[in-house]
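[1] Sequence isn't available, so here's the structure alone:
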């Protein structure tokens, strides 16, 4: 097992506690040690990225009502769990279970679970139970198709980054990035690869003769891997997701990516990536053709003392749709106001 996998168990709890916000921002504004249950009527509902918000009109003991804002996870993350845009509407009477705000427990709630009047259940958080049903007999014939990285793989990858060999410059950068308000995702700029490839959202791979296109349902992330023999451009040309060229080794796709932009979250949620970052990735089917094995090596001499390996799996989900929700800048920055 590679270096990252060895520390997954040790870091899982830490990452799991942070996962309600899915590396966008922490849940520090909410008291996660307390749980509340509210029943009310939805008066406002906004299905979007990187958060879903709704306003519940809740009846008080004296018969009057009060508005309570419920923050849920991202549309892209809740979509694979079965929460669709049309799952709720203004006027629905629902019961929400969640954590109250620390400073305003009567006004703000971090949603975990939602129940409609007919008893149906809707997940509000990455850690909520899924209502999505999959056919376990579905198998892929190639890496083409739609895939889903489970939350455990995402947690494992981010947990593993805590044990990476970091340069002194990297340690200083991580300390400076400890403030959740420093996240680039407030500006709708996603975390860098390979971390973005592990987000528990729909990933669709399209294989063409001269290129492979990968669409990740998170902040409009899309990568093109060129198979036509072209070289990387001059180092002065940089891109958010780098420049990728690939080749086939049997049915496995090998990808070399360089020409990355400087990125405050280029290697992990707290570790930047430099223009010297380089990825070597391998995408191949599992022996049973029910999952895709995603592995590789990260190099970045500015922030990593030596190259780091990773490995993980995505599940085959051919019928899983994308949320098709673009990142909403107003929603992305909303947490800064609370």
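    That came through, no problem. Quick caveat: nothing in here was measured; it's all calculated off a predicted structure. Numbers count the residues shown, from 1 in each chain.

[2] can we go C-alpha only for contacts and neighbour counts from here?
    OK.

[3] Can you pull the poorly scored residue ranges out of the chain?
    Residues of the chain that meet the criterion pLDDT under 70 lie in 1-26, 180, 336-338.

[4] Please parse the chain into its domains.
    Here the domain parsing of the chain from automatic domain parsing is 3-18+137-316, 31-132.

[5] among these, which is nearest residue 329?
    Evaluated over the domains of the chain, closeness to residue 329 peaks at domain 3-18+137-316, with 6.2 Å, by CA to CA.

[6] measure stretch 204-215 end to end?
    5 Å (CA to CA, to the nearest Å).

[7] how many other residues sit next to residue 276?
    By other CA atoms under 10 Å, the residues close to residue 276 number 16.

[8] ditto for the one 10 residues further on
    When counting by other CA under 10 Å, one arrives at 16 neighbours for residue 286.

[9] That one and residue 316: what is the separation?
    With CA to CA as the criterion, residue 286 and residue 316 are 10 Å apart.

[10] Give me the common contacts of those two.
    Common neighbours of residue 286 and residue 316 (criterion: CA atoms under 8 Å, 6 or more residues apart in numbering): residue 292.

[11] okay, which residue of this structure is out on the far edge from center?
    In the chain, residue 62 marks the outermost C-alpha relative to the chain mean, sitting 41.9 Å out by CA atoms, centre = their mean.

[12] Quick check: it is in a helix.
    No: using DSSP: H, G, I helix; E, B strand; the rest coil, the assignment for residue 62 is coil, not a helix.

[13] Could you measure from it over to residue 261?
    To residue 261, residue 62 is 57 Å away according to CA to CA.

[14] same thing with residue 307?
    Distance of residue 307 to residue 261, given as CA to CA: 19 Å.

[15] Strands of the stretch 1-150 of the chain, start to end?
    Applying DSSP state E, counting those that start in this stretch to the stretch 1-150 of the chain gives strands spanning 36-46, 52-59, 65-72, 93-100, 108-116, 121-123, 145-148.

[16] closest one to residue 134 among those?
    Among those, the nearest to residue 134 by CA to CA is strand 145-148 (11.3 Å).

[17] quick one, what contacts the spatially most central residue of the chain?
    Nearest residue to the geometric centre of the chain (CA atoms, centre = their mean): residue 199, 3.3 Å. Residue 199 is in contact with 77, 149, 151, 154, 218, counting by CA under 8 Å, 6+ apart.

[18] Now do the same contact list for the last one.
    In other words, residue 218. 76, 190, 196, 199, 201, 327 are the contacts of residue 218 under CA under 8 Å, 6+ apart.

[19] closest to residue 142 among these?
    Proximity of the contacts of residue 218 to residue 142 (CA to CA) peaks at residue 201, which lies at 19.7 Å.

[20] buried ones in stretch 287-302?
    Residues 289-302 are the ones in stretch 287-302 that count as buried (16 or more other CA atoms under 10 Å).

[21] ok, the closest residue to residue 170 other than its chain neighbours to residue 161 distance?
    Closest residue in space to residue 170, ignoring its immediate chain neighbours: residue 303 at 4.4 Å, by CA to CA, 6 or more residues apart in numbering. Using CA to CA, residue 303 is found at 12 Å from residue 161.

[22] hang on, residue 52 packs against residue 72?
    Yes: using CA atoms under 8 Å, residue 52 is in contact with residue 72, at 5.0 Å.

[23] higher neighbour count, the two?
    residue 72 (26 against 22).

[24] Quick check: that one touching residue 53?
    Yes: counting by CA under 8 Å, residue 72 does reach residue 53; the two are 6.1 Å apart.

[25] Pull the distance from stretch 290-300 to the chain's centre.
    How far stretch 290-300 lies from its chain's middle: 16 Å, per CA atoms, centre = their mean, to the nearest Å.

[26] same check, this time on stretch 143-155
    Once both centres are worked out by CA atoms, centre = their mean, stretch 143-155 turns out to sit 10 Å from its chain's centre.

[27] likewise stretch 259-269?
    Distance, centroid of stretch 259-269 to centroid of chain: 16 Å (CA atoms, centre = their mean).

[28] what about that stretch, start to end distance?
    Stretch 259-269 has an end-to-end distance of 20 Å (criterion: CA to CA).

[29] Tell me which residues are up against that stretch.
    Residues outside stretch 259-269 that contact it (CA under 8 Å, 6+ apart): 23, 158, 161, 183-184, 191-195, 232-243, 270-278.

[30] cool, stretch 121-133 as well?
    Residues from elsewhere that reach stretch 121-133, judged by CA under 8 Å, 6+ apart: 19-20, 22, 72-73, 77-78, 80-83, 87, 111-116, 151.

[31] Could you rerun that using 7 Å?
    The contact list for stretch 121-133 (CA atoms under 7 Å, 6 or more residues apart in numbering) reads 19-20, 72-73, 77-78, 80-83, 111-115.

[32] Quick one: buried ones out of the residues you listed?
    Neighbour-count burial (16+ other CA under 10 Å) applied to these gives 19-20, 72-73, 77-78, 80-83, 111-115.
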